[in-house]
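Novice: quick one, what's the 3D model for this:
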Amino acid sequence: MNENKFPEYITFPRTFEKYKWYKPILVFIVGAIVYAVLQVLLLMIFNVAYDTNTITQLMTGGYEALNSEVGSYIGYLSVAIFIPSLYIATKIVRDRPFSSYSSSRGGWNWKLFFKSLLIPLAVYIVYEIIHVLIFGQKSANTLTPTFFLICLIIIPLQCIGEEYVMRGLIMQTFGSWFKIPVLAIVLQSIVFASLHPYSILGVIGVFIQGILLGFIAWRSNGLEASCALHSVNNLMSAYFVALGFEVSSSLITPYDFASTMIVSTISTLALYYVGTKKGWFEEKTENLW
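Specialist: Just a heads-up that it's a prediction; the model follows:
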């Protein structure tokens, strides 16, 4: 298959019919095995750098672990390794090009990704300023230049990895099976929510966010916009937790739920409107990833 010309996977066309329906399942299984191996290697590295008891407590501590620097590194890197896991799986199974998970526009477009960061970043900054003015500082400021720079690298990778699996592999697979985009978006969002061990409000919130991310991936014909939205959300959360203005918790309050839904919805719709009006989502790219 020509890597530069592949069916529009994200738009769920019937061209999927020429591919074996079970191949995505094999990709998922092989990817899970590769992920397990990489996860063990990752934990071995952290066990060398830190004591085993500390790592064990962080791994079993839920979202509260993200309140610590080491816990954040482990949590984000554990998801970032989805990228090499899926890449290796696609090479082993030889179902479709890895680049086809990125978009139907010719692979991954870095320019679109960076442009897509701007609108949600503006929305989140305004929200966080209002939040800080109302509630003030909740804990001590632990933000360091090292933490800032490391998170600036690994959190976008974590979000991109999660998008490749959720809005890439899983959503596109459901779309290829059922040929109904809305059903594919809902099903992947159910899976997305089930993987986040929050309280009930948090799970509902993640489900809605999954719908929003699935929608923008579908309508933009690629993952760059959803990755940008996801990255801004997680970066702002990590930085404001470190600054002491927020606290990471598995227990989601009604205020947390409502504010997150409002910000996520405004960010998604604003990005979709601007991106569509400016023709961002029609841009081709020669840089396949």
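
Novice: for the chain, which spans come out with low pLDDT?
Specialist: Within the chain, the ranges that satisfy pLDDT under 70 run 1-19, 52, 54-55, 57-62, 66, 285-289.

Novice: can you list the buried residues in stretch 95-114?
Specialist: For stretch 95-114, the neighbour count (16 or more other C-beta atoms under 10 Å) marks 95-109, 112-113 as buried. From N, CA and C alone the C-beta is placed, and that goes for glycine too.

Novice: ok, now which ones touch Pro24?
Specialist: Asp95, Leu169, Gln172, Thr173, Ser176 (C-beta atoms under 8 Å, 6 or more residues apart in numbering).

Novice: looking at those residues, which has the most residues close by?
Specialist: Within the contacts of Pro24, most neighbours by other C-beta atoms under 10 Å means Gln172, with 25 neighbours.

Novice: surely that residue is in contact with Tyr101?
Specialist: Yes. Here Gln172 reaches Tyr101: they are 6.9 Å apart, a contact under C-beta atoms under 8 Å.

Novice: closest one to Thr253 out of the contacts of Pro24, please.
Specialist: For those, the residue nearest Thr253 by C-beta to C-beta is Leu169; the value is 32.7 Å.

Novice: okay, and Gln107 sits in which element?
Specialist: In this structure residue 107 is Gly, not Gln. Using DSSP states H and E, Gly107 sits in no helix or strand.

Novice: any idea how far apart the tips of stretch 248-262 sit?
Specialist: Stretch 248-262 has an end-to-end distance of 19 Å (C-alpha to C-alpha, to the nearest Å).

Novice: hmm, who's touching it?
Specialist: Under C-beta under 8 Å, 6+ apart, the answer for stretch 248-262 is 62-67, 127, 131, 197-199, 201-202, 204-205, 208-209, 237, 241.

Novice: can you pull the buried residues of the host helix or strand of Ile129?
Specialist: Assigned by DSSP H and E, Ile129 belongs to helix 110-135. For helix 110-135, the neighbour count (16+ other C-beta under 10 Å) marks 112-113, 115-117, 119-121, 123-124, 127-128, 131-132 as buried.

Novice: same thing with stretch 137-144?
Specialist: Applying 16+ other C-beta under 10 Å to stretch 137-144 flags Leu143 as buried.

Novice: state the distance from Trp23 to Thr90.
Specialist: Slight slip there: residue 23 is Lys, not Trp. To Thr90, Lys23 is 10 Å away according to C-beta to C-beta, to the nearest Å.

Novice: which one of those two has more residues nearby?
Specialist: More neighbours surround Thr90 than the other of Lys23 and Thr90, with 21 against 16 (other C-beta under 10 Å).

Novice: wait, doesn't the more buried one sit right on Arg96?
Specialist: Yes. Counting by C-beta under 8 Å, Thr90 touches Arg96, with 6.9 Å between them.

Novice: quick one: end-to-end distance for stretch 186-202.
Specialist: 17 Å.

Novice: distance from the chain centre to it, please.
Specialist: Its chain's average C-alpha position is 13 Å from that of stretch 186-202, according to C-alpha atoms, centre = their mean, to the nearest Å.

Novice: helices of the stretch 151-289 of the chain, start to end?
Specialist: For the stretch 151-289 of the chain, helices defined by DSSP state H, counting those that start in this stretch occupy the ranges 171-178, 181-194, 200-220, 224-242, 254-278.

Novice: got CSV for these, with distance to Thr142 too?
Specialist: Converted to CSV, the helices of the stretch 151-289 of the chain look like this (distance: least, C-beta to C-beta, whole Å):
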stretch, distance to Thr142
helix 171-178, 36
helix 181-194, 29
helix 200-220, 23
helix 224-242, 5
helix 254-278, 21
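
Novice: return the most buried member of these.
Specialist: Each of the helices of the stretch 151-289 of the chain was scored by mean neighbour count; the highest is helix 224-242, a mean of 24, by mean count of other C-beta atoms under 10 Å.

Novice: quick one: list the elements packing against it.
Specialist: helix 69-80, helix 110-135, helix 145-163, helix 200-220, helix 254-278 (3 or more C-beta pairs under 8 Å, 6 or more residues apart in numbering; DSSP states H and E).
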